[in-house]
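**Student:** Give me a model of this one.
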Amino acid sequence: MKTLKKFLTALLFAPLVALASEAVHLDQAPKEKFTDTLALQRGAKVFVNYCLNCHSASYMRYNRLKDIGLTDEQIKENLMFAAEKVGELMRVSVSSADARNWFGAAPPDLTVIARARSSEHGSGADWLYTYLRTFYRDSTRPTGWNNLVFPNVGMPHVLWELQGDQVLHVEKAAGGHGEGAEHKSLQLAKPGKLSAQDYDAMVGDLVAFLVYMGEPIAEKRKSLGIVVVIVLIGIGVLSYLLKRAYWKDIH
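**Tutor:** A predicted model of the protein is given here:
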């Protein structure tokens, strides 16, 4: 019952959360990765190593990763650090009470985060792709980090060693109708282990996996939908020919 309650809460409050980033331009996520098996496998690796320490994916089972080309042995050896059986849900060991005590709020479940962040202003994938690339150093925040897409976010930048340290640069427009308006941009002050291109590619893999978790059978559903449409068209044509055959003597 508690799990269902969390799921419904995430869906109900998704539109409200999405409004927080209306004014921020969202970069387009590399959607070609959504159906790339290797990209999904890389994204799963990033997810379990960096996200699954705090965030659960409690509606996703490890054995669903076989749908993206992994075997039970590969899942056990490379991706299972908080479970013993591949049929278990992707949960973290930290309790909600401890999480609230340590972080001020329990980290949200990420199973349907890509769908929950969708709004008329952009897809959830675009939101996540931009969010994970726009952290910057902010000494006024408890974690030392802030974010352009999600201002005053409580989450620290867990991928900072890979991306490096970004700093916020604010410019005020002078003259014209936009006088006094602020333009915010990020500048890399300290490089990370990855180049900007490699980091963006890694984030794209991670976002692709988050999208996959939201609906693992999405591609099968789309393929089945095409088949159903073709069958219905065929039935429609046959029905029309049958109608003509029955009524030919009358017409």
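**Student:** Mind naming the longest helix for the chain?
**Tutor:** Ordering each helix of the chain by length in residues (DSSP state H) puts helix 218-247 first.
**Student:** Report the distance from that helix to the chain centre.
**Tutor:** Relative to its parent chain, helix 218-247 has a centroid offset of 35 Å by C-alpha atoms, centre = their mean, to the nearest Å.
**Student:** Show me where the chain dips below the pLDDT cut-off.
**Tutor:** 1-23, 103, 120-121, 173-180, 251 (pLDDT under 70).
**Student:** all strands for it, in order.
**Tutor:** 57-61, 89-90, 135-137, 145-147, 164-172, 182-191 (DSSP state E).
**Student:** Tabulate these (JSON lines), appending mean neighbour count and distance to K31.
**Tutor:** Every residue, glycine included, has its C-beta placed from N, CA and C. Compiled in JSON lines, the strands of the chain are given as follows (neighbours: other C-beta atoms under 10 Å; distance: least, C-beta to C-beta, whole Å):
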{"stretch": "strand 57-61", "mean neighbour count": "19", "distance to K31": "21"}
{"stretch": "strand 89-90", "mean neighbour count": "20", "distance to K31": "24"}
{"stretch": "strand 135-137", "mean neighbour count": "21", "distance to K31": "23"}
{"stretch": "strand 145-147", "mean neighbour count": "20", "distance to K31": "23"}
{"stretch": "strand 164-172", "mean neighbour count": "14", "distance to K31": "25"}
{"stretch": "strand 182-191", "mean neighbour count": "12", "distance to K31": "23"}
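**Student:** Nearest to L128, out of those?
**Tutor:** Relative to L128, the nearest member of these by C-beta to C-beta is strand 145-147, separated by 11.7 Å.
**Student:** hmm, back to that, and P107, which of the strands of the chain is closest to it?
**Tutor:** Across the strands of the chain, the minimum distance to P107, taken as C-beta to C-beta, is reached by strand 57-61, at 11.3 Å.
**Student:** can I see the domain layout of this structure?
**Tutor:** Structural domains assigned to the chain are 2-216, 219-251, following automatic domain parsing.
**Student:** Pick the most buried one from those domains.
**Tutor:** domain 2-216 (a mean of 16; mean count of other C-beta atoms under 10 Å).
**Student:** measure stretch 143-154 end to end?
**Tutor:** Its start and end residues considered, stretch 143-154 measures 7 Å (C-alpha to C-alpha, to the nearest Å).
**Student:** got the contact list for that stretch?
**Tutor:** Residues from elsewhere that reach stretch 143-154 (C-beta atoms under 8 Å, 6 or more residues apart in numbering): 20-21, 24, 26, 103-105, 127, 130-131, 134-138, 140-142, 155-157, 160, 168, 184, 186.
**Student:** redo that, cut-off 6 Å
**Tutor:** For stretch 143-154, contacts defined as C-beta atoms under 6 Å, 6 or more residues apart in numbering pick out 21, 24, 104, 130-131, 134-136, 138, 156-157.
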